[in-house]
Structure formats: C-alpha cells, structure tokens
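[1] Provided below are the primary sequence and the corresponding predicted coordinates.
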Amino acid sequence: MWDFLQFRGPWDLIQAAAWLVSIALLGWMVWDAVRVSQQFSEDVLTSSEEGVDELAMQQDNGRS
C-alpha cells in the first residue's frame, strides 16, 4: 500500500523532487492568478490592444 514511499535509488529521489517542484509551481500559478484577478479589472486583463499601455497612460495622466 505504501510502495510509493520506498525509494529504490537516486532516480526515485529525482522523480519525487520533480513532483514536488511541479506541485509548488502549480500552487504558485493558482495563487498568482487569483492575486492578479483581484488587482486588475477584467477589461484590462482581456484587452487586446497592442502598442498601447492603458495603465501607464492612466498613471501619467494622474501625475500631470
């Protein structure tokens, strides 16, 4: 039942480390997606205008 906890060589350790790294990356991607969706509106996130940085223009207008 607990065969997955038995390490039979260095490749098993490498495989376990790879799984841990992939789980950590998945968690970080989900956390970042939630954080970004809370910081920016859906209009900004789905904007497809190229060459125009709306956020920079809004910040520049606020400083003038």
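    Yep, it's here.

[2] how many other residues sit next to Ala33?
    10 (other CB atoms under 10 Å). (Each C-beta comes from the backbone N, C-alpha and C, glycine too.)

[3] What are the phi and psi values at it?
    Reported as degrees, to the nearest 10, the phi and psi values for Ala33 are phi -60, psi -40.

[4] For this structure, give me the ranges with low pLDDT.
    Residues of the chain meeting the criterion pLDDT under 70: 1-2, 4, 48-64.

[5] How are the helices of it distributed by residue range?
    10-39, 42-45, 54-63 (DSSP state H).

[6] Make a markdown table from the ones you listed and add distance to Asp3 to it.
    Shown next, in a markdown table, are the helices of the chain (distance: least, CB to CB, whole Å):
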| stretch | distance to Asp3 |
| --- | --- |
| helix 10-39 | 11 |
| helix 42-45 | 44 |
| helix 54-63 | 52 |
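
[7] ok, and what's touching stretch 8-21?
    Stretch 8-21 is contacted by residues Phe7 when judged by CB atoms under 8 Å, 6 or more residues apart in numbering.

[8] Enumerate every residue touching Val30.
    Per CB under 8 Å, 6+ apart, neighbours of Val30: none.

[9] where's it relative to Ile23, distance?
    Per CB to CB, to the nearest Å, Val30 is found 11 Å from Ile23.

[10] Equivalent analysis for Ser41, please.
    The gap separating Ser41 from Ile23 is 31 Å, by CB to CB.

[11] same thing with Val34?
    In terms of CB to CB, Val34 sits 17 Å off from Ile23.

[12] number of nearby residues for Ala16?
    For Ala16, the neighbour count with other CB under 10 Å is 13.

[13] Equivalent analysis for Gln6, please.
    For Gln6, the neighbour count with other CB under 10 Å is 7.

[14] so how far is Asp12 from it?
    Remark: distance between Gln6 and Asp12 (CB to CB) = 8 Å.
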